[in-house]
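Make a model of this:
(one chain, ligands or ions: 1)
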Amino acid sequence: MPVRETVEPETTVDVIIIGGGIGGLTLALTLHRAGIPCRVYEAAPEIKPIGVGINLLPHAMRELASLGLEASLAARGVVTSEAVFFNRFGQLIYRELLGLAAGYAWPQVSIHRGDLQAVLVETFRERIGSDRLMLGWLCTGAVQDERSAGASFVETGTRQSLPPQRGDIVIGCDGIHSTIRRQLFPGEGEPIYSGVNMWRGVTPWPPILSGSSMIRAGWFTPAKIVIYPIRDRIDAQGRQLLNWVVEIETPNYANWNWNRPGQLSDFLGAMSDWHFDWLDVPQLLRSTEVILEYPMVDKDPLPRWSFGRISLLGDAAHPMYPRGSNGAGQAILDARALAEALAASPADPVGALAAYENRRLAATARVVRTNRTAPPDAILGEVFRRTGDQPFRSIDEVISREELVAISEGYKRIAGYDQDALGSAETRR
Ligand SMILES: Cc1cc2nc3c(=O)[nH]c(=O)nc-3n(C[C@H](O)[C@H](O)[C@H](O)COP(=O)(O)OP(=O)(O)OC[C@H]3O[C@@H](n4cnc5c(N)ncnc54)[C@H](O)[C@@H]3O)c2cc1C
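Numbers count the residues shown, from 1 in each chain. Predicted structure coming up:
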(Lines give C-alpha, C1' and ligand atoms only; values in the text may rest on other atoms or scores of the structure.)
Protein backbone atom coordinates (compact mmCIF):
# COMPACT_ATOMS: atom_id res chain seq x y z
CA MET A 1 0.00 0.00 0.00
CA PRO A 2 1.64 3.29 -1.06
CA VAL A 3 2.11 5.93 1.58
CA ARG A 4 -0.08 8.92 0.77
CA GLU A 5 2.07 12.00 0.94
CA THR A 6 0.47 14.68 3.09
CA VAL A 7 1.17 18.28 2.32
CA GLU A 8 -0.17 21.07 4.45
CA PRO A 9 -1.62 23.71 2.13
CA GLU A 10 0.22 26.97 2.60
CA THR A 11 -2.32 28.93 0.59
CA THR A 12 -6.04 29.11 0.24
CA VAL A 13 -5.98 28.79 -3.55
CA ASP A 14 -8.14 25.84 -4.55
CA VAL A 15 -7.59 24.89 -8.19
CA ILE A 16 -10.16 23.22 -10.44
CA ILE A 17 -8.39 21.46 -13.33
CA ILE A 18 -10.47 20.56 -16.38
CA GLY A 19 -8.88 17.61 -18.22
CA GLY A 20 -6.71 14.79 -16.89
CA GLY A 21 -4.30 14.51 -19.84
CA ILE A 22 -0.56 15.05 -19.70
CA GLY A 23 -0.94 18.76 -18.94
CA GLY A 24 -3.69 18.48 -16.32
CA LEU A 25 -2.06 15.64 -14.38
CA THR A 26 1.39 17.25 -14.45
CA LEU A 27 -0.15 20.49 -13.26
CA ALA A 28 -1.86 18.64 -10.38
CA LEU A 29 1.40 16.98 -9.29
CA THR A 30 3.30 20.26 -9.52
CA LEU A 31 0.65 22.16 -7.53
CA HIS A 32 0.60 19.42 -4.91
CA ARG A 33 4.37 19.72 -4.48
CA ALA A 34 3.87 23.46 -3.89
CA GLY A 35 1.24 22.73 -1.24
CA ILE A 36 -1.63 23.98 -3.42
CA PRO A 37 -4.81 21.86 -3.35
CA CYS A 38 -6.49 20.87 -6.63
CA ARG A 39 -9.09 18.57 -8.15
CA VAL A 40 -9.01 17.11 -11.67
CA TYR A 41 -12.19 16.60 -13.70
CA GLU A 42 -11.68 14.29 -16.69
CA ALA A 43 -14.31 13.53 -19.33
CA ALA A 44 -13.14 9.97 -20.03
CA PRO A 45 -14.94 7.46 -17.79
CA GLU A 46 -11.70 5.51 -17.39
CA ILE A 47 -8.04 6.17 -18.15
CA LYS A 48 -7.18 3.74 -20.94
CA PRO A 49 -3.74 3.16 -22.48
CA ILE A 50 -4.67 4.59 -25.88
CA GLY A 51 -2.61 6.41 -28.48
CA VAL A 52 0.87 5.69 -29.70
CA GLY A 53 4.32 7.08 -28.89
CA ILE A 54 5.56 10.37 -27.56
CA ASN A 55 9.01 11.86 -27.04
CA LEU A 56 9.86 13.66 -23.82
CA LEU A 57 12.80 15.97 -24.50
CA PRO A 58 15.28 17.03 -21.80
CA HIS A 59 13.38 20.21 -20.82
CA ALA A 60 10.23 18.16 -20.13
CA MET A 61 12.24 15.42 -18.42
CA ARG A 62 13.84 18.01 -16.15
CA GLU A 63 10.38 18.88 -14.79
CA LEU A 64 9.23 15.27 -14.59
CA ALA A 65 12.50 14.30 -12.87
CA SER A 66 11.94 17.05 -10.31
CA LEU A 67 8.62 15.32 -9.55
CA GLY A 68 10.52 12.08 -8.96
CA LEU A 69 9.29 10.36 -12.15
CA GLU A 70 12.53 9.97 -14.14
CA ALA A 71 13.28 6.37 -13.16
CA SER A 72 9.78 5.03 -13.78
CA LEU A 73 9.49 6.79 -17.14
CA ALA A 74 12.94 5.63 -18.27
CA ALA A 75 12.12 2.07 -17.16
CA ARG A 76 8.87 1.93 -19.13
CA GLY A 77 10.14 3.78 -22.20
CA VAL A 78 13.41 3.93 -24.12
CA VAL A 79 16.19 6.38 -23.33
CA THR A 80 16.79 7.79 -26.80
CA SER A 81 20.41 8.35 -27.75
CA GLU A 82 20.47 9.83 -31.26
CA ALA A 83 18.49 11.53 -34.02
CA VAL A 84 19.17 10.37 -37.58
CA PHE A 85 17.85 11.96 -40.76
CA PHE A 86 17.69 10.16 -44.14
CA ASN A 87 16.32 10.98 -47.58
CA ARG A 88 13.75 8.68 -49.16
CA PHE A 89 16.55 6.62 -50.71
CA GLY A 90 17.83 5.70 -47.25
CA GLN A 91 20.94 7.90 -47.53
CA LEU A 92 22.15 9.41 -44.26
CA ILE A 93 21.86 13.21 -44.14
CA TYR A 94 22.57 14.06 -40.51
CA ARG A 95 23.14 12.36 -37.18
CA GLU A 96 23.26 13.98 -33.75
CA LEU A 97 23.36 12.69 -30.21
CA LEU A 98 20.39 13.33 -27.95
CA GLY A 99 19.69 13.62 -24.24
CA LEU A 100 22.21 11.98 -21.90
CA ALA A 101 24.33 10.79 -24.85
CA ALA A 102 24.68 14.44 -25.93
CA GLY A 103 25.79 15.47 -22.44
CA TYR A 104 22.45 16.80 -21.19
CA ALA A 105 21.69 16.45 -17.53
CA TRP A 106 18.34 14.87 -18.38
CA PRO A 107 17.49 12.07 -20.80
CA GLN A 108 15.23 12.12 -23.81
CA VAL A 109 12.64 9.40 -23.21
CA SER A 110 10.50 7.90 -25.97
CA ILE A 111 7.48 6.26 -24.41
CA HIS A 112 4.04 4.87 -25.16
CA ARG A 113 1.48 7.55 -24.39
CA GLY A 114 -0.46 5.03 -22.29
CA ASP A 115 2.65 4.30 -20.19
CA LEU A 116 3.24 8.02 -19.57
CA GLN A 117 -0.40 8.49 -18.64
CA ALA A 118 -0.23 5.46 -16.31
CA VAL A 119 2.82 6.85 -14.47
CA LEU A 120 1.09 10.21 -14.02
CA VAL A 121 -2.20 8.68 -12.84
CA GLU A 122 -0.53 6.21 -10.45
CA THR A 123 1.52 9.03 -8.94
CA PHE A 124 -1.55 11.25 -8.68
CA ARG A 125 -3.48 8.55 -6.82
CA GLU A 126 -0.57 7.90 -4.44
CA ARG A 127 0.23 11.50 -3.63
CA ILE A 128 -3.04 13.39 -4.03
CA GLY A 129 -5.67 10.65 -3.77
CA SER A 130 -8.18 9.01 -6.08
CA ASP A 131 -10.99 11.08 -4.54
CA ARG A 132 -9.49 14.16 -6.25
CA LEU A 133 -9.55 12.62 -9.75
CA MET A 134 -13.11 12.66 -11.07
CA LEU A 135 -13.61 10.44 -14.15
CA GLY A 136 -16.59 10.72 -16.50
CA TRP A 137 -17.05 14.42 -15.66
CA LEU A 138 -17.50 16.30 -18.94
CA CYS A 139 -17.09 20.02 -18.37
CA THR A 140 -19.67 22.19 -20.14
CA GLY A 141 -18.41 25.62 -19.07
CA ALA A 142 -16.77 27.79 -16.42
CA VAL A 143 -18.09 30.74 -14.42
CA GLN A 144 -16.53 33.25 -12.06
CA ASP A 145 -17.30 36.17 -9.78
CA GLU A 146 -15.04 38.43 -7.79
CA ARG A 147 -14.32 35.87 -5.09
CA SER A 148 -14.39 32.45 -6.76
CA ALA A 149 -14.64 30.42 -9.96
CA GLY A 150 -16.55 27.28 -10.84
CA ALA A 151 -17.37 24.80 -13.56
CA SER A 152 -20.47 22.91 -14.68
CA PHE A 153 -20.49 19.25 -15.71
CA VAL A 154 -22.55 16.46 -17.20
CA GLU A 155 -21.87 12.76 -16.91
CA THR A 156 -20.02 11.75 -20.07
CA GLY A 157 -22.14 8.72 -20.96
CA THR A 158 -25.64 9.81 -19.96
CA ARG A 159 -25.25 13.60 -20.32
CA GLN A 160 -27.07 13.95 -17.01
CA SER A 161 -26.16 17.01 -14.95
CA LEU A 162 -23.57 16.62 -12.21
CA PRO A 163 -23.24 19.06 -9.29
CA PRO A 164 -21.45 22.29 -10.25
CA GLN A 165 -18.02 22.62 -8.62
CA ARG A 166 -16.47 25.75 -7.09
CA GLY A 167 -12.91 26.71 -6.28
CA ASP A 168 -10.70 29.78 -6.52
CA ILE A 169 -9.58 29.33 -10.13
CA VAL A 170 -10.40 27.12 -13.13
CA ILE A 171 -7.67 25.93 -15.52
CA GLY A 172 -8.73 24.51 -18.89
CA CYS A 173 -6.34 21.62 -19.63
CA ASP A 174 -8.91 20.08 -21.93
CA GLY A 175 -6.84 19.70 -25.08
CA ILE A 176 -7.13 20.91 -28.66
CA HIS A 177 -10.96 20.81 -28.63
CA SER A 178 -11.09 22.72 -25.33
CA THR A 179 -14.53 23.67 -24.08
CA ILE A 180 -13.00 26.39 -21.90
CA ARG A 181 -11.12 27.92 -24.85
CA ARG A 182 -14.29 27.88 -26.96
CA GLN A 183 -16.10 29.70 -24.19
CA LEU A 184 -13.35 32.35 -23.94
CA PHE A 185 -13.01 32.68 -27.76
CA PRO A 186 -16.42 31.73 -29.15
CA GLY A 187 -15.72 32.80 -32.73
CA GLU A 188 -12.42 31.00 -33.19
CA GLY A 189 -13.54 27.98 -35.21
CA GLU A 190 -11.93 24.64 -35.96
CA PRO A 191 -8.21 23.77 -35.85
CA ILE A 192 -6.26 24.79 -38.96
CA TYR A 193 -5.27 21.98 -41.31
CA SER A 194 -1.61 22.02 -42.37
CA GLY A 195 -2.07 20.25 -45.71
CA VAL A 196 -0.32 17.15 -44.31
CA ASN A 197 -2.13 14.00 -43.24
CA MET A 198 -0.64 11.49 -40.80
CA TRP A 199 -0.99 7.74 -40.33
CA ARG A 200 0.51 6.18 -37.24
CA GLY A 201 0.92 2.86 -35.54
CA VAL A 202 3.06 0.68 -33.30
CA THR A 203 4.76 -2.55 -34.38
CA PRO A 204 6.85 -5.18 -32.54
CA TRP A 205 10.19 -5.17 -34.37
CA PRO A 206 13.87 -6.06 -33.81
CA PRO A 207 16.02 -3.07 -32.75
CA ILE A 208 17.14 -0.94 -35.70
CA LEU A 209 20.32 1.17 -35.91
CA SER A 210 21.43 1.88 -32.31
CA GLY A 211 18.23 0.44 -30.85
CA SER A 212 17.58 3.88 -29.36
CA SER A 213 17.51 6.01 -32.52
CA MET A 214 14.88 8.55 -33.48
CA ILE A 215 14.68 8.23 -37.26
CA ARG A 216 13.22 10.64 -39.77
CA ALA A 217 13.27 9.83 -43.50
CA GLY A 218 11.88 11.46 -46.66
CA TRP A 219 9.77 14.56 -47.12
CA PHE A 220 6.02 15.25 -47.31
CA THR A 221 6.03 14.50 -51.05
CA PRO A 222 5.93 11.64 -51.74
CA ALA A 223 6.18 10.67 -48.05
CA LYS A 224 8.01 11.16 -44.80
CA ILE A 225 8.29 8.69 -41.92
CA VAL A 226 9.29 9.13 -38.29
CA ILE A 227 10.22 5.97 -36.36
CA TYR A 228 11.40 5.39 -32.81
CA PRO A 229 11.23 2.59 -30.22
CA ILE A 230 8.96 3.15 -27.21
CA ARG A 231 9.29 -0.14 -25.28
CA ASP A 232 12.35 -2.35 -24.93
CA ARG A 233 12.60 -6.16 -24.93
CA ILE A 234 8.91 -6.85 -25.26
CA ASP A 235 9.39 -10.58 -26.02
CA ALA A 236 11.84 -13.47 -25.85
CA GLN A 237 13.39 -12.45 -29.19
CA GLY A 238 14.39 -9.09 -27.71
CA ARG A 239 12.08 -7.12 -29.99
CA GLN A 240 11.05 -3.56 -29.23
CA LEU A 241 7.75 -1.77 -29.76
CA LEU A 242 8.41 0.65 -32.63
CA ASN A 243 6.31 3.77 -33.02
CA TRP A 244 5.94 5.15 -36.53
CA VAL A 245 4.20 8.11 -38.15
CA VAL A 246 3.86 8.54 -41.93
CA GLU A 247 3.24 12.12 -43.09
CA ILE A 248 2.06 12.88 -46.64
CA GLU A 249 1.04 16.14 -48.28
CA THR A 250 -2.71 15.77 -48.74
CA PRO A 251 -4.47 18.95 -49.90
CA ASN A 252 -8.18 19.27 -49.20
CA TYR A 253 -8.46 16.85 -46.34
CA ALA A 254 -12.16 16.10 -46.54
CA ASN A 255 -12.84 13.52 -43.85
CA TRP A 256 -12.56 15.63 -40.74
CA ASN A 257 -12.73 12.76 -38.34
CA TRP A 258 -10.31 12.51 -35.43
CA ASN A 259 -8.41 9.32 -34.73
CA ARG A 260 -10.29 7.31 -37.30
CA PRO A 261 -8.83 3.96 -38.38
CA GLY A 262 -6.40 4.40 -41.29
CA GLN A 263 -5.97 2.19 -44.34
CA LEU A 264 -2.53 0.90 -45.32
CA SER A 265 -3.53 1.15 -48.98
CA ASP A 266 -4.00 4.93 -48.58
CA PHE A 267 -0.24 5.52 -48.15
CA LEU A 268 1.81 2.35 -48.74
CA GLY A 269 2.08 3.10 -52.47
CA ALA A 270 4.13 6.22 -51.74
CA MET A 271 6.75 4.10 -49.93
CA SER A 272 6.59 0.74 -51.72
CA ASP A 273 10.28 0.87 -52.77
CA TRP A 274 11.71 2.00 -49.42
CA HIS A 275 13.85 -1.11 -48.88
CA PHE A 276 16.85 0.28 -47.00
CA ASP A 277 19.78 -1.77 -45.74
CA TRP A 278 18.82 -0.66 -42.20
CA LEU A 279 15.05 -1.19 -42.54
CA ASP A 280 12.46 -2.58 -44.92
CA VAL A 281 9.82 0.13 -44.49
CA PRO A 282 6.91 -1.54 -46.38
CA GLN A 283 7.44 -4.71 -44.34
CA LEU A 284 7.31 -2.72 -41.09
CA LEU A 285 4.10 -1.00 -42.17
CA ARG A 286 2.47 -4.25 -43.32
CA SER A 287 3.25 -5.81 -39.93
CA THR A 288 1.16 -3.24 -38.08
CA GLU A 289 -2.21 -4.39 -36.82
CA VAL A 290 -3.96 -1.11 -36.04
CA ILE A 291 -3.37 2.07 -38.03
CA LEU A 292 -4.76 5.42 -36.96
CA GLU A 293 -5.22 8.45 -39.19
CA TYR A 294 -4.95 12.01 -37.99
CA PRO A 295 -4.75 15.36 -39.81
CA MET A 296 -1.80 17.58 -38.84
CA VAL A 297 -3.45 20.66 -37.35
CA ASP A 298 -2.76 23.56 -35.03
CA LYS A 299 -4.34 26.88 -34.08
CA ASP A 300 -3.10 30.45 -34.31
CA PRO A 301 -1.56 31.72 -31.05
CA LEU A 302 -4.09 33.51 -28.82
CA PRO A 303 -3.77 37.13 -27.67
CA ARG A 304 -4.41 36.04 -24.07
CA TRP A 305 -5.18 32.95 -21.99
CA SER A 306 -6.19 34.37 -18.61
CA PHE A 307 -9.55 36.02 -17.98
CA GLY A 308 -9.72 36.84 -14.28
CA ARG A 309 -9.88 33.49 -12.49
CA ILE A 310 -10.00 31.31 -15.62
CA SER A 311 -7.02 30.32 -17.76
CA LEU A 312 -5.73 27.71 -20.22
CA LEU A 313 -2.78 25.30 -20.27
CA GLY A 314 -1.23 22.83 -22.74
CA ASP A 315 -3.00 22.06 -26.03
CA ALA A 316 -6.03 24.07 -24.89
CA ALA A 317 -3.75 27.13 -24.87
CA HIS A 318 -1.32 26.40 -27.72
CA PRO A 319 -1.96 23.37 -29.95
CA MET A 320 0.96 22.90 -32.32
CA TYR A 321 2.07 20.66 -35.19
CA PRO A 322 3.77 17.52 -33.85
CA ARG A 323 6.95 18.29 -35.80
CA GLY A 324 9.26 19.10 -32.91
CA SER A 325 8.19 16.65 -30.14
CA ASN A 326 7.13 19.62 -28.06
CA GLY A 327 3.36 19.76 -27.47
CA ALA A 328 3.37 17.77 -24.24
CA GLY A 329 6.74 19.25 -23.27
CA GLN A 330 5.37 22.78 -23.45
CA ALA A 331 2.32 21.71 -21.40
CA ILE A 332 4.70 20.37 -18.74
CA LEU A 333 6.63 23.68 -18.74
CA ASP A 334 3.32 25.56 -18.41
CA ALA A 335 2.52 23.50 -15.31
CA ARG A 336 5.75 24.55 -13.61
CA ALA A 337 5.20 28.23 -14.47
CA LEU A 338 1.60 28.22 -13.24
CA ALA A 339 2.44 26.47 -9.95
CA GLU A 340 5.27 28.93 -9.32
CA ALA A 341 3.05 31.93 -10.07
CA LEU A 342 0.35 30.70 -7.67
CA ALA A 343 2.89 29.88 -4.97
CA ALA A 344 4.37 33.39 -5.32
CA SER A 345 1.00 35.21 -5.01
CA PRO A 346 -1.39 32.99 -3.07
CA ALA A 347 -3.54 35.93 -2.03
CA ASP A 348 -3.88 37.20 -5.60
CA PRO A 349 -4.85 34.33 -7.93
CA VAL A 350 -5.95 36.75 -10.67
CA GLY A 351 -2.50 38.37 -10.64
CA ALA A 352 -0.88 34.93 -10.60
CA LEU A 353 -2.78 33.83 -13.72
CA ALA A 354 -1.70 37.05 -15.47
CA ALA A 355 1.93 36.43 -14.42
CA TYR A 356 1.72 32.83 -15.70
CA GLU A 357 0.40 34.07 -19.04
CA ASN A 358 3.19 36.67 -19.24
CA ARG A 359 5.80 34.00 -18.71
CA ARG A 360 4.43 31.41 -21.12
CA LEU A 361 2.23 32.89 -23.87
CA ALA A 362 4.88 34.50 -26.07
CA ALA A 363 7.31 31.62 -25.50
CA THR A 364 4.79 28.99 -26.64
CA ALA A 365 3.56 31.16 -29.55
CA ARG A 366 7.13 31.10 -30.88
CA VAL A 367 7.13 27.30 -30.76
CA VAL A 368 3.73 27.10 -32.54
CA ARG A 369 5.03 29.37 -35.34
CA THR A 370 8.41 27.68 -35.60
CA ASN A 371 6.75 24.27 -35.87
CA ARG A 372 5.07 25.63 -39.01
CA THR A 373 8.25 27.01 -40.57
CA ALA A 374 11.47 25.60 -39.14
CA PRO A 375 11.10 22.51 -36.93
CA PRO A 376 13.96 19.95 -36.85
CA ASP A 377 12.63 18.14 -39.94
CA ALA A 378 13.30 21.32 -41.95
CA ILE A 379 16.65 19.56 -42.49
CA LEU A 380 14.83 17.05 -44.70
CA GLY A 381 12.93 19.75 -46.61
CA GLU A 382 16.13 21.65 -47.32
CA VAL A 383 17.90 18.58 -48.74
CA PHE A 384 14.74 17.65 -50.72
CA ARG A 385 14.75 21.08 -52.39
CA ARG A 386 18.50 21.26 -53.03
CA THR A 387 18.68 17.77 -54.59
CA GLY A 388 15.40 18.01 -56.51
CA ASP A 389 14.42 14.84 -54.59
CA GLN A 390 17.25 12.84 -56.18
CA PRO A 391 19.92 10.69 -54.50
CA PHE A 392 23.18 12.53 -53.71
CA ARG A 393 26.80 11.41 -54.13
CA SER A 394 27.95 13.06 -50.91
CA ILE A 395 25.84 15.04 -48.47
CA ASP A 396 28.69 17.58 -48.17
CA GLU A 397 28.04 18.57 -51.81
CA VAL A 398 24.43 19.38 -50.88
CA ILE A 399 24.58 21.05 -47.47
CA SER A 400 27.34 21.71 -44.96
CA ARG A 401 27.45 20.15 -41.49
CA GLU A 402 27.37 23.73 -40.08
CA GLU A 403 24.04 24.45 -41.82
CA LEU A 404 22.53 21.22 -40.53
CA VAL A 405 23.69 21.95 -36.99
CA ALA A 406 22.30 25.50 -37.26
CA ILE A 407 18.80 24.24 -38.18
CA SER A 408 18.78 21.75 -35.32
CA GLU A 409 20.23 24.09 -32.70
CA GLY A 410 17.97 26.97 -33.79
CA TYR A 411 14.88 24.92 -32.99
CA LYS A 412 16.24 23.81 -29.62
CA ARG A 413 16.76 27.44 -28.62
CA ILE A 414 13.21 28.44 -29.63
CA ALA A 415 11.68 25.48 -27.78
CA GLY A 416 13.91 25.99 -24.72
CA TYR A 417 15.95 22.81 -24.65
CA ASP A 418 19.34 23.94 -25.93
CA GLN A 419 22.22 22.99 -23.66
CA ASP A 420 22.91 26.62 -22.74
CA ALA A 421 19.39 26.88 -21.30
CA LEU A 422 19.32 23.49 -19.60
CA GLY A 423 22.92 22.93 -18.62
CA SER A 424 24.99 19.80 -18.90
CA ALA A 425 25.31 16.72 -16.74
CA GLU A 426 27.88 18.46 -14.48
CA THR A 427 25.46 21.27 -13.67
CA ARG A 428 22.57 19.04 -12.57
CA ARG A 429 21.67 19.80 -9.04
C1 LIG B 1 0.87 12.39 -33.80
C2 LIG B 1 1.27 13.20 -32.60
C3 LIG B 1 2.55 13.05 -32.06
C4 LIG B 1 2.95 13.82 -30.96
N5 LIG B 1 4.21 13.65 -30.47
C6 LIG B 1 4.62 14.40 -29.42
C7 LIG B 1 5.93 14.23 -28.88
O8 LIG B 1 6.73 13.40 -29.34
N9 LIG B 1 6.31 15.01 -27.83
C10 LIG B 1 5.45 15.94 -27.27
O11 LIG B 1 5.84 16.63 -26.30
N12 LIG B 1 4.20 16.12 -27.76
C13 LIG B 1 3.77 15.38 -28.81
N14 LIG B 1 2.51 15.55 -29.30
C15 LIG B 1 1.63 16.55 -28.68
C16 LIG B 1 1.01 16.05 -27.40
O17 LIG B 1 0.30 14.86 -27.62
C18 LIG B 1 0.04 17.10 -26.85
O19 LIG B 1 0.63 18.36 -26.91
C20 LIG B 1 -0.30 16.78 -25.40
O21 LIG B 1 -1.02 15.57 -25.33
C22 LIG B 1 -1.13 17.92 -24.79
O23 LIG B 1 -1.52 17.57 -23.48
P24 LIG B 1 -2.83 18.22 -22.86
O25 LIG B 1 -2.96 17.65 -21.51
O26 LIG B 1 -2.79 19.69 -23.03
O27 LIG B 1 -4.01 17.71 -23.78
P28 LIG B 1 -4.54 16.23 -23.96
O29 LIG B 1 -3.45 15.25 -23.81
O30 LIG B 1 -5.33 16.24 -25.23
O31 LIG B 1 -5.52 16.02 -22.73
C32 LIG B 1 -6.74 16.71 -22.63
C33 LIG B 1 -7.63 15.93 -21.67
O34 LIG B 1 -8.80 16.69 -21.42
C35 LIG B 1 -9.92 15.82 -21.51
N36 LIG B 1 -11.08 16.64 -21.87
C37 LIG B 1 -11.34 17.18 -23.07
N38 LIG B 1 -12.47 17.91 -23.01
C39 LIG B 1 -12.91 17.83 -21.74
C40 LIG B 1 -14.04 18.37 -21.07
N41 LIG B 1 -14.93 19.16 -21.69
N42 LIG B 1 -14.21 18.10 -19.75
C43 LIG B 1 -13.32 17.30 -19.09
N44 LIG B 1 -12.24 16.76 -19.69
C45 LIG B 1 -12.04 17.03 -21.00
C46 LIG B 1 -9.55 14.78 -22.53
O47 LIG B 1 -10.31 13.60 -22.38
C48 LIG B 1 -8.07 14.58 -22.23
O49 LIG B 1 -7.85 13.58 -21.28
C50 LIG B 1 2.07 14.78 -30.39
C51 LIG B 1 0.78 14.93 -30.92
C52 LIG B 1 0.39 14.15 -32.02
C53 LIG B 1 -0.99 14.35 -32.57
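
Please count neighbours and contacts with C-alpha atoms only from this point.
OK.

what does stretch 414-426 contact?
Stretch 414-426 is contacted from outside by 57-59, 100, 103-106, 326, 363-364, 366-367, 370, 409, 412-413, using CA atoms under 8 Å, 6 or more residues apart in numbering.

Next, residue 54: secondary structure please.
Judged by DSSP: H, G, I helix; E, B strand; the rest coil, the three-state class of residue 54 is strand.

That one reaches residue 114, doesn't it?
No. Here residue 54 lies out of contact with residue 114, judged by CA atoms under 8 Å, at a distance of 9.6 Å.

Between those two, tell me which one has more neighbours.
With neighbours defined as other CA atoms under 10 Å, residue 54 and residue 114 compare such that residue 54 has more, 25 against 17.

now that one: how far from the ligand?
4 Å (CA to the nearest ligand atom, to the nearest Å).

Quick check: residues of the protein near the ligand?
Residues of the chain that fall close to the ligand, judged by CA under 6 Å from any ligand atom: 18-24, 41-44, 54-56, 137-140, 173-175, 178-179, 314-316, 322, 325-329, 331.

switch the cut-off to 5 Å
Selection of the chain residues close to the ligand by CA under 5 Å from any ligand atom yields 19-23, 42-43, 54-55, 138-139, 174-175, 314-315, 322, 325-329.

Filter the residues you listed down to just the ones in helices.
Among the residues of the chain next to the ligand, the members falling in helices (DSSP state H) are 22, 23, 327, 328, 329.

In CSV, list those along with neighbour count.
Formatted as CSV, these follow (neighbours: other CA atoms under 10 Å):
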residue, neighbour count
22, 23
23, 27
327, 24
328, 22
329, 27
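
Please convert these to TSV, extending it with pLDDT and distance to residue 159.
Shown next, in TSV, are these (pLDDT from 0 to 100; distance: CA to CA, whole Å):
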residue	pLDDT	distance to residue 159
22	97	25
23	98	25
327	95	30
328	96	29
329	97	33
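
ok, these vs residue 309, which is closest?
Closest approach between these and residue 309, by CA to CA: residue 23, at 18.4 Å.

got any ranges where this protein has weak pLDDT?
1-12, 49-50, 254-259, 426-429 (pLDDT under 70).

Nearest residue to the middle of it?
Nearest to the geometric centre of the chain sits residue 328, at 2.7 Å (CA atoms, centre = their mean).

these two touch, right, that residue and residue 23?
Yes. At 6.9 Å, residue 328 counts as touching residue 23 under the criterion of CA under 8 Å.

Longest helix in this structure, please.
For the chain, the longest helix by residue count, based on DSSP H, is helix 349-373.

Buried ones in that helix, by neighbour count?
By neighbour count on 16 or more other CA atoms under 10 Å, the buried set for helix 349-373 is 349-357, 360-361, 364-365, 367-372.

how far away is the residue nearest to the centre of the chain from residue 231?
The gap separating residue 328 from residue 231 is 19 Å, by CA to CA, to the nearest Å.

same thing with residue 343?
Plainly put, residue 343 is 37 Å away from residue 231 if you go by CA to CA.

In which helix or strand does residue 198 reside?
strand 192-205 (DSSP states H and E).

How far away from the center of its chain is that strand?
Averaging C-alpha positions (CA atoms, centre = their mean, to the nearest Å) puts strand 192-205 14 Å from its chain's average.

which helices and strands does it pack with?
Judged by 3 or more CA pairs under 8 Å, 6 or more residues apart in numbering; DSSP states H and E, strand 192-205 is in contact with strand 240-249, helix 281-286, strand 292-298.

Past that strand, which element shows up next along the chain?
Using DSSP H and E, the helix or strand that follows strand 192-205 in sequence is strand 213-219.

Tell me which strands that next one pairs with, and in which orientation.
strand 82-86 (parallel), strand 223-231 (antiparallel) (DSSP bridges).

Show me the contact partners of that strand.
Residues outside strand 213-219 that contact it (CA under 8 Å, 6+ apart): 80-90, 224-229, 248, 377, 380-381, 384.

Give me the buried positions along it.
213, 214, 215, 216, 217, 218, 219.

Next, the angle from it to strand 240-249.
If you take axes from the mean of the first three to the mean of the last three CA atoms, to 10 degrees, strand 213-219 sits at 20 degrees to strand 240-249.

And the contacts of stretch 414-426, which of them are buried?
Of the members of the contacts of stretch 414-426, the ones counted as buried by neighbours, 16+ other CA under 10 Å, are 57-59, 100, 104-106, 326, 364, 367, 370, 409, 412.

could I get those as TSV with distance to residue 204?
Formatted as TSV, the buried ones among the contacts of stretch 414-426 follow (distance: CA to CA, whole Å):
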residue	distance to residue 204
57	23
58	26
59	29
100	25
104	29
105	30
106	27
326	25
364	35
367	33
370	33
409	32
412	31
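
between these, which is closest to residue 241?
The closest of the buried ones among the contacts of stretch 414-426 to residue 241 turns out to be residue 57 (CA to CA; 19.2 Å).

wait, what's in contact with the residue lying closest to the closest one once chain neighbours are set aside?
Sequence neighbours aside, residue 108 is the residue nearest to residue 57 in space, at 4.6 Å (criterion: CA to CA, 6 or more residues apart in numbering). Counting by CA under 8 Å, 6+ apart, residue 108 makes contact with 55, 56, 57, 58, 61, 79, 80, 81, 98, 99, 100.

For PyMOL, write the select line for the buried members of these.
Listed next is the PyMOL selection for buried residues among the contacts of residue 108, using 16+ other CA under 10 Å:
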select buried, resi 55+56+57+58+61+79+80+81+98+99+100
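
Which of the contacts of residue 108 sits closest to the ligand?
Closest approach between the contacts of residue 108 and the ligand, by CA to the nearest ligand atom: residue 55, at 3.6 Å.

Identify the bridge partners of the closest one.
Bridge pairing for residue 55 (DSSP bridges) gives the partners residue 110.

residues in contact with it?
108, 109, 110, 111, 325 are the contacts of residue 55 under CA under 8 Å, 6+ apart.
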